[in-house]
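Participant: quick one, fold the following:
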Amino acid sequence: MSDYTLHKLKTPKTTLLGNFFISRFSNTFGLASSAYMEHEGHYVTGMNNQIVWGLPHIFAVTLIVIASGVLNIASMSSAFNKKLYKPLAPLSALFAIAFLIAGLIILVLDLGRPDRLIVAMTTYNFKSIFAWNIFYIQASL
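Facilitator: Now for the predicted structure:
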């Protein structure tokens with residue numbers, strides 16, 4: 001097996017500037033959507049008394065699944081001794097933690113009041129999807 005080397009990418013400044021503005025637009029849109037949902041209520045995400053899984057829960061579960069997929073890169077470098085993935089292992093672990101924290105932040109925002117998080121972390125109602133998500137994220141971290 002040949003050695004793999006990493007090379008510095010030569011990216012034009014216009015591409016970097018375009019990516020910067022696209023990410024700024026995405027962040028602004030996400031913050032505006034979060035503020036809209038906080039102001040109007042969860043019914044704008046399709047959540048009501050009949051549907052207990054709103055959009056925040058689906059995003060939180062998606063981020064948890066993404067975190068486990070990202071962590072597979074780190075496990076491939078150690079479990080299968082793949083040299084190609086060894087330099088990416090620390091970064092994949094960092095991304096996995098970031099995705100898990102992002103999922104937890106979404107669930108905290110879903111609570112409405114952040115001080116309820118302590119109650120949700122210490123008193124489990126196993127009939128609640130929210131309690132299962134908090135339990136799963138704690139077990140993953």
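Participant: any idea where the helices of the chain begin and end?
Facilitator: Assigned by DSSP state H, the helices in the chain fall at 13-40, 55-79, 89-111, 116-122, 129-140.
Participant: tell me, what residue is most central in the protein?
Facilitator: The centre of the chain sits closest to Phe99, judged by Cα atoms, centre = their mean, with a distance of 3.1 Å.
Participant: is it true that it touches Ala67?
Facilitator: Yes. Assessed by Cβ atoms under 8 Å, Phe99 is found in contact with Ala67 at 3.7 Å. In this view, the C-beta of every residue, glycine as well, is placed from N, C-alpha and C.
Participant: can you tell me which of the helices of the chain is nearest to Tyr4?
Facilitator: Closest to Tyr4 of the helices of the chain is helix 55-79 (Cβ to Cβ; 11.7 Å).
Participant: identify the residues contacting the closest one?
Facilitator: Here helix 55-79 makes contact (Cβ atoms under 8 Å, 6 or more residues apart in numbering) with 37, 42, 45-47, 82-86, 88-90, 92-93, 95-97, 99-100, 102-104, 106-107, 109-110, 129-130, 133, 136-137, 140.
Participant: of these, buried ones?
Facilitator: By neighbour count, with 16 or more other Cβ atoms under 10 Å, the contacts of helix 55-79 hold 37, 42, 45, 47, 85, 88-89, 92, 95-96, 99-100, 102-104, 106-107, 110, 130, 133, 137, 140 as buried.
Participant: pLDDT-wise, which helix or strand of this protein ranks last?
Facilitator: Lowest by mean pLDDT, DSSP states H and E among the helices and strands of the chain is helix 129-140, with a mean of 71.
Participant: the protein - how does it break down into domains?
Facilitator: As given by automatic domain parsing, the domain ranges for the chain are 10-40, 45-140.
Participant: from the ones you listed, which stretch is densest packed?
Facilitator: Ranked by mean neighbour count, those are led by domain 45-140 with a mean of 15 (mean count of other Cβ atoms under 10 Å).
Participant: how far away from the center of its chain is it?
Facilitator: In terms of Cα atoms, centre = their mean, to the nearest Å, the gap separating the centre of domain 45-140 from the centre of its chain is 6 Å.
Participant: stretch 127-141 now?
Facilitator: 14 Å.
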